Structures are given as structure tokens and as C-alpha cells.
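Asker: Let's see this in three dimensions:
(chains A and B)
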Amino acid sequence: MKRVRIRAIAPVAAALCLAAATSACSSSAGSNSASGANAGSATPSSGNAAANNSASSSAGAGDAAPVTLTFWGTYGNGGNKAQTDVLNGSIIPAFEKLHPNIKVNYVDIPYDSLLQKLETSAAGGQLPDLIRSDIYWVPKFAALGVLAQLDGKMPGFEKLAADTYPGSLATTKWQGHYYGLPLDTNTRVMISNAEALASAGITAPPSSFDELKADASKLKAKNISVFADKGLQGWTLLPWIWSGGGEIANSDLNKATGYLNSPQNVATVQMLVDMYKAGEIPNLLIGNTGATSTQDGLPKGKYATILDGPWMHDIWAAQYPKFAPTYSPVPAGPGGSISVVGGEDIVMTTASKHQDAAQQFIAFTQTSDYQIAMAKTGQMSVVKSLDDQEAAAVPYFAPYIKQLQTAKPRPAVPEAPQIDTALQNDLTPAFQGSTSVQAALDKAARDIDPLLTATK
Amino acid sequence: MPMTTTVVRARDARGRRVGVGPAPHAGPTRARRRTLTPYLFIGPGFALFLLLIAYPMARAFQMSFYDWAIVKGAASKFTGVDNYVKAYDDPIFWRALVNSGVYMAFTVPAQVVLGLGVAMLLKAKAPGRALFRVLFYLPVVTSWVVVSLLFQYLFADSGLVNYGLHNVLHIASHDTSWLSSRWTALIAIGALGTWKGIGWSMMIFLAALQAVPRELEESAAMDGANAWRRFRAVTLPAIWPAMIFVTVMLVIGGFNVFISVLLMTNGGPADQTQVLLTYMYQQAFKYLDFGYGSAIAIVLTVLVFVLSAAQMRIMRRSNDDGALS
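Answerer: Reported below is the predicted structural model:
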């Protein structure tokens, strides 16, 4: 009796362990079950159904039949209804009025699941016509052949591209061609808690590396961290590297050795390491998930300064209504005050059956009807000629618009996520004291060299 | 008797229909139906197994030999065992393997011992027994996501655990930054796994304890065996099959730790707390390297399979040899 029972366990156990080990991979198989794993899969698939229907109906009917473009984005991230309301309520209707033959079906997808959604959809051949993609993912999907080239294909592309910030435009470029246009942008500026600074007798946010170092010890005496940030990836580290006069790679983006491990970068990272070891910067910097977040630490006066983007304005207005953040440029080092570019691009898929209509919508995204309407909800415009209009419409953007004039993008290559991992993993030991800054940067440069030239 | 009447009735029916309608089918149809019945019961489950488990598994096995291109229609490059060689040379893979093993070694004995202990205590008739059974089982049915975030707050630098150890009990002289280094983070993750799993092993042991023959316990007590001796000689052998089941399942579960790590540390800082499944997830879904991710999954599958088989063999033998005699 006992034996029978024991034997019966074997196949069950085997099946269970196999299932668990492979379940995450199953989504790559492109079966219908894969998309079921993602939140919100019901809406996108209905969106596709609409696109497919219109494709079949327009095939025979010619110009008169309306086409429906499916557009995926993450405007509603974090329950932000303001942006999806403007898009669906006024921007898309305005476009449809100008182009009576085109309908746009916007599908909102949570930020955290868009990448997975795109992966499984690419595997299953179920992509939308247009995507509002994080600038970080564009080279990867361009390299995979998911995105359509726009330069030389889209009428008026060159003129539109020339009117966008170069730092944003660079994120759409992959191997000499452009696979999208910037849609919105952002950057990081220094945000400080004036009360925390004042408690140590400091009247203005640090404007240079030297002031930052001087403030650090004064604030330490009051048990306040002079600066806090999360992780050592490009988004957090590069403003310091660039402001310190260094680079992460050469301008052709194919060599990190000789650039990332330069004397300038050693000095910059050493400054951060010294402050970290002195307890002036919290271990949030090496990615401690148990540390107080910058979002809470700054308004609570635990941290005196952070670097962050324009979205914090609304977050704090809701969560810490009494907190009055002070905005200033990234502290200047030998290289000036240089921050990192973030934001989203608008891209078209090669799978789109309505490339002309999709291009018309892309062109529309560059007009003030789109850019300024979105700016009013917190998305910064990418169009240079709209700067004044934008600053007048959204006063709190002013420090960001100024910082954007010199801000630079992270290396726009397909292996960008692996570059971030290399920075994080190779530099952390220098902060923990188990290796020197020079050795850490040497190793990071060696690890990043092959990632820059990988074309996958 | 019933059998005979059925046959007679069938014959009657056939007799009446001779020469009137189409050829009689009742006999063969019933026989066919009888052979089909079990397959109809097995069918739906088996179809789901094939579609949702066997097929993805076979695909993952196939992918692990390719530099897999995720885009539909794109050609993938066959790379042989390159992905497995890559894992062999990858220090983070080995660290993830060790972390998974440490998590398993930490949580499995804790869940077995504590689960059995709680089951022994809750076996006895006592006031509030049902309430305690529910309370101990509650973590099992609670969402992993919720409790992972809860434990992240508990083990945060200014969290309740530090407050208790430092400010209340004065065991620690300073706050520990639990989630910022490898071993302390694994303690926090292991504590969650144990806490969440005790109820499950308790439930299995409680069921098994009902089957321990009372007369054996009584006669052992009459022979002067103390509580520990009775437990060793009577209770443990009687619940041994349950022990094998619980241990094997917990070992499998231990190696499959995923959500708690993903949410509490996300494998960080600097990949120090990566376990096999979070590392596989990172390779496949963050780097889009499905070939390598699949190779890691296959290695894990083989490892767990071998471990489970070995465990059942060893534990069965130790039962035959020792515990019962």
C-alpha cells in the first residue's frame, strides 16, 4: 500500500517541476496562452481584431473606406487618467477630423507590462500599427526588425526630425537609419528640500561638485544625506559622469575602454564613493530595496537633494501637498552641468498594414495640437520651435527645458539593458570597498565593449 | 444477477428488431462506449497538459539550442550547446544556482519541522483548534505579491524587524540593512518562504496523523515508551509516506522560488541575490535572450528531476531499513 502511494508521487512531482520551470518561457512560444499571462491582454487583442477587420474591408473598397490604426502606449501608467483623457477626448478626435478616413484606436497598457506585451506580440505576429515606446527599447526592436524605417520613406520626415531635440532624436537611430520620431521627453534636474538644507545652514542647493562635497559633511552632522539615488545604472550615473567631463563610450558608440575608465571618470566616481563610504549617500545607491525611496526621503527631509524628472511634481502634489520642492541644474563639474535624456518615441511597426495612415499620425504627433496638449498633462514637448509656447503653458517645466539644452541620451544600442547591468554589477564592489574605482571602471569598460557592438 | 438481466434484455431487443430496421448495433456500441469512457475522462485534462505543459516544454527545449529570434517568421540560428556552455562559464548562473540551493536548504527543513510540530500540537482536541488551523493556513492562500511586499517593508532599513531587534529587544546594536547584501537578503526571503509554507505542510501532516493507529500508540505507552520514543517508533513510520511527499514537493518548490525574490530584491544588489528563475526571467524577458533563458530552465528541470528521484529512492529505503523495525 505504502509503495503504491510513493510511486504515485513520482510522475506528479516530475510534471509539477517541469511545469514550473518552463512556465515563464512558454509565453515565448507565441501561442494564445502566452498573451493570457499579461494583464490587459483582452483590450489589445480586441484592438487587433478591429485593425484586422478594417484591413479586410479596405482591401477592396479603395480610398473611401476608413482604416483603423491601433496605437499602444502607456499614458495611463499609475492610474493617470489626465493623459489618456486628453488623448482620447481631444487629441485623437482632432486628428480624425483632419483625416476623416483614419480612425485611431488607442490601447493603454501598464508601463511594466508593455515590454513583455511587445515581446509576446512580436513572437505571435500580433503587433499594433503604432507604439509609444520608451526611448530605451527602440534600438532593440529596430534591430529585431519589428520597427519600420522612417527616413527616406516618410514624407517630410527630415524636416520634422530637424525640429526635435538632437538628444531625443538620437534615441530613434539604429545603424544609420531612423526608426521613429521623439514623442515626449524628460530629463533629471536637481530637486532639493530647502528646509533640510537650511537645518545645516545651507541657503541654496549645491551648484557644483565642490559645493556638494562641502554640504555633505554639514548635513551629515544633522543626520541628513546630502544626496540619494537608486542604483548605479546609466540613468543615475551618467549625469555625474558627463558633468565630471567624462564619457561612457566614444561618439561612434563602439568602444568603452579608454572612455569609461578615463581619469575624469575615476575622479567623478571616486567622489561619489568617498561620500558613500562617509555615510553621506545612503545605500539606496547600490540598489538596496529596503532603503527609503527618494520619493519619500526628500519630502521627509531624510535626503537633502535628489535627481529626478518632471513627473515628481504631480506625485508630490498628491502625496506631500505641503512639500515645496526646489529645482536647480545638476551640480556642475569640470564638464559643466549635463543630465540624461528620457522620454518616449513614436514608432511604426513593419507589420502595420496602413503605413501611410500611420505616418500621417506620426506627423500629427509633432504639431502643437499634440505636443502642447500633452505638455499640459506633464509630458514635455520634443519640438524645439514650441519651447516658448510650452514654457508659457507649463511654468514648472522651465528648469527641465533649460537642462534639456545640454542633456544627452544613454547609448542607443540594442544591448542597453545589459550595459546598465554591467555598470551596476561592476561598480557596486567599488562602493562596497572590495575593489578600487579604477579597477571597477576598467572591468565595466571591458564588459561593455562587446555589448556596444552586438547587433542582436 | 444484474449482469444477466442486462444481457437478456439486450437480446430481447435485438430479437424484436430482426429484419425490420438497420443492422443491430447495441452490443458493439456499448462495448466501444465502455472502452471509450476512461479516455473521455482523461481527454480534457490530457489535452490541457499537452497544450499548456508538454508543448511549451518541448519548445523551450528546442529554443535552448538556438540563438532564438522572437519575431514571428524570423530565422533563428542553431548554436548547438552554446547556451549550456555559456551557463557553465557564467558566474552569475552559478551564484543563482547556489542561492536557489541555499534557499531550499534553509526553507525545507524549517517547513518540515515547524509544519510537523504545529500539526502535532493542533492534532489534540483543544479550544480554538479550528481557528488556529485556519490562521496557520492563511499565509498559504494569501497572494505571493502581497506578502512579498509586506516582507519587504518588514525587512526595510527602517522596518519593523529592525525596530524590534534594535529598539525593543536590544539584540542588535544598530539597524541591519537586510536587503542590501546577499546572505541577509536570503534570510529575509527564506523567512517569508518558511512563514508562507508552514501551513501547507501542517495540513498534509495533520491528515497523515489521523491515520496513525491508536492501538499502536497505546501499547507503546503501556510498554513504557516516553513521548519522544513513541514519536520515533510509532508516529514517524506511520506518517513516513506523507513525509516523503512533503519533502519532495518542498524541494521542488524551493528550487522554484521566484516571485518573492523578484519583488523583494529583484536579484540585486548587483545580481547578488539572483536565483535560477529570476535569472532565467531576466535573460529571457529583459534581454530577450530566450535561448539562454530556456537553457537555464532546462538545467533547472533536470536538476529538480534528478533530486526528486534520488530523494524518493533514499527516503523509501530508509523507511524499509530502519524506521519501521
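Asker: Show me the chain divided up by domain.
Answerer: Went with chain A since none was named. A:41-52+A:65-185+A:343-404, A:189-339+A:415-453 (automatic domain parsing).
Asker: try chain B instead
Answerer: Split by automatic domain parsing, chain B gives B:24-63, B:82-323.
Asker: can you tell me which of those the model trusts least?
Answerer: Set side by side, the domains of chain B give their lowest mean pLDDT on domain B:24-63, at a mean of 83.
Asker: Figure out how far that one is from the centre of its chain.
Answerer: Put simply, domain B:24-63 sits 25 Å off its chain's centre (Cα atoms, centre = their mean, to the nearest Å).
Asker: That domain close to chain A?
Answerer: Yes: residues of domain B:24-63 contacting chain A under Cβ under 8 Å from any Cβ of the partner chain: B:Phe49, B:Leu51, B:Leu52, B:Ile53, B:Tyr55, B:Pro56, B:Met57, B:Arg59, B:Ala60, B:Met63. (Glycine included, C-beta is placed from N, CA and C.)
Asker: what are the phi and psi values for A:Asn223?
Answerer: When quoted as degrees, to the nearest 10, the phi and psi of A:Asn223 stand at phi 60, psi 30.
Asker: Give me the distance between it and chain B.
Answerer: A:Asn223 sits 13 Å away from chain B, going by Cβ to the nearest Cβ, to the nearest Å.
Asker: I'd say A:Gly333 and A:Glu211 touch.
Answerer: No: assessed by Cβ atoms under 8 Å, A:Gly333 is found out of contact with A:Glu211, at 10.9 Å.
Asker: Please identify which of those two sits among more neighbours.
Answerer: A count of neighbours by other Cβ atoms under 10 Å in any protein chain shown puts A:Gly333 above the other of A:Gly333 and A:Glu211, at 24 against 15.
Asker: What residues does the stretch 151-300 of chain A have near chain B?
Answerer: Residues of the stretch 151-300 of chain A lying close to chain B by Cβ under 8 Å from any Cβ are A:Gly231, A:Asn283, A:Ile286, A:Gly287, A:Asn288, A:Thr289, A:Gly290, A:Ala291, A:Thr292.
Asker: try it again with 10 Å
Answerer: For the stretch 151-300 of chain A, the residues in contact with chain B (Cβ under 10 Å from any Cβ of the partner chain) are A:231-232, A:282-292.
Asker: Could you find which two of those are furthest from each other?
Answerer: The largest separation in these, counting by Cβ to Cβ, is between A:Leu232 and A:Thr292 at 17.8 Å.
Asker: neighbour-wise, which of those two wins?
Answerer: Using other Cβ under 10 Å as the criterion, A:Leu232 and A:Thr292 rank with A:Leu232 on top: 26 against 19.
Asker: what about that one, which helix or strand?
Answerer: Here A:Leu232 is covered by no helix or strand, with elements defined by DSSP states H and E.
Asker: same deal with the one 5 residues further on?
Answerer: A:Leu237 is part of helix A:234-243 when elements are defined by DSSP H and E.
Asker: And that helix, what does it pack against?
Answerer: Counting contacts by 3 or more Cβ pairs under 10 Å, 6 or more residues apart in numbering or on different chains; DSSP states H and E, helix A:234-243 is packed against helix A:209-221, helix A:263-277, strand A:303-308, strand A:341-348, helix A:416-432.
Asker: chain center to whichever helix or strand comes after the first one: distance?
Answerer: Read in the C-terminal direction, the helix or strand following helix A:209-221 is strand A:225-228, with elements assigned using DSSP H and E. For strand A:225-228, the gap between its own C-alpha mean and the chain's C-alpha mean amounts to 23 Å (Cα atoms, centre = their mean).
Asker: Show me what strand A:225-228 is packed against.
Answerer: strand A:189-192, helix A:194-199, helix A:209-221, helix A:263-277, helix A:294-297, strand A:303-308.
Asker: So for the fourth one, mean pLDDT?
Answerer: In this model, helix A:263-277 has a mean pLDDT of 96.
Asker: ok, B:Tyr137 touching B:Ile198?
Answerer: Yes: counting by Cβ atoms under 10 Å, B:Ile198 is a contact partner of B:Tyr137 at 9.0 Å.
Asker: okay, those two: which has more neighbours?
Answerer: Using other Cβ under 10 Å, the more surrounded residue of B:Tyr137 and B:Ile198 is B:Ile198, with 25 against 16.
Asker: that older thread, deepest-packed of the domains of chain B, please.
Answerer: Each of these was scored by mean neighbour count; the highest is domain B:82-323, a mean of 18, by mean count of other Cβ atoms under 10 Å in any protein chain shown.
Asker: Can you give me the pLDDT of the closest residue to A:Tyr400 other than its chain neighbours?
Answerer: In this structure, A:Tyr400 finds its nearest non-sequential neighbour in A:Pro310, 5.2 Å apart by Cβ to Cβ, 6 or more residues apart in numbering or on different chains. Per-residue pLDDT puts A:Pro310 at 90.
Asker: Specify the local secondary structure of A:Pro310.
Answerer: The three-state assignment at A:Pro310 reads coil, by DSSP: H, G, I helix; E, B strand; the rest coil.
Asker: Following the helix or strand containing A:Gln83 in sequence, what is the next regular element?
Answerer: Element membership for A:Gln83 (DSSP H and E) is helix A:81-86. As assigned by DSSP H and E, the chain's next helix or strand after helix A:81-86 is helix A:92-98.
Asker: quick one: the residue nearest to A:Tyr400 and A:Pro399 touch, right?
Answerer: Yes: using Cβ under 10 Å, A:Pro310 is in contact with A:Pro399, at 9.1 Å.
Asker: what sits in contact with each of those two?
Answerer: Listed as contacting both A:Pro310 and A:Pro399 by Cβ atoms under 10 Å, 6 or more residues apart in numbering or on different chains are A:Thr187, A:Val189, A:Tyr327.
Asker: Quick one: neighbours of the second one, just the number.
Answerer: A:Val189 has 25 neighbouring residues, counting by other Cβ under 10 Å.
Asker: give me every residue that touches it.
Answerer: A:Val189 neighbours (Cβ under 10 Å, 6+ apart): A:205, A:239, A:306-310, A:312, A:327-330, A:337, A:339, A:399-400, A:402-404, A:407.
Asker: before we move on, what about the first one?
Answerer: Under the criterion of Cβ under 10 Å, 6+ apart, the contact partners of A:Thr187 comprise A:165, A:167-168, A:239, A:307-310, A:330, A:338-343, A:380, A:399-409.
Asker: And for the last one?
Answerer: Residues in contact with A:Tyr327, defined by Cβ under 10 Å, 6+ apart, are A:189-192, A:205, A:308, A:310, A:312-313, A:396-400, A:402-403.
Asker: Buried ones among the residues you listed?
Answerer: A:189-192, A:205, A:308, A:310, A:312-313, A:397, A:399-400, A:402-403 (16 or more other Cβ atoms under 10 Å in any protein chain shown).
Asker: got these as TSV, with distance to A:Pro263 columns?
Answerer: Below are the buried ones among the contacts of A:Tyr327 laid out as TSV (distance: Cβ to Cβ, whole Å):
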residue	distance to A:Pro263
A:Val189	27
A:Met190	25
A:Ile191	30
A:Ser192	30
A:Pro205	28
A:Asp308	29
A:Pro310	34
A:Met312	34
A:His313	38
A:Phe397	36
A:Pro399	31
A:Tyr400	31
A:Lys402	29
A:Gln403	26
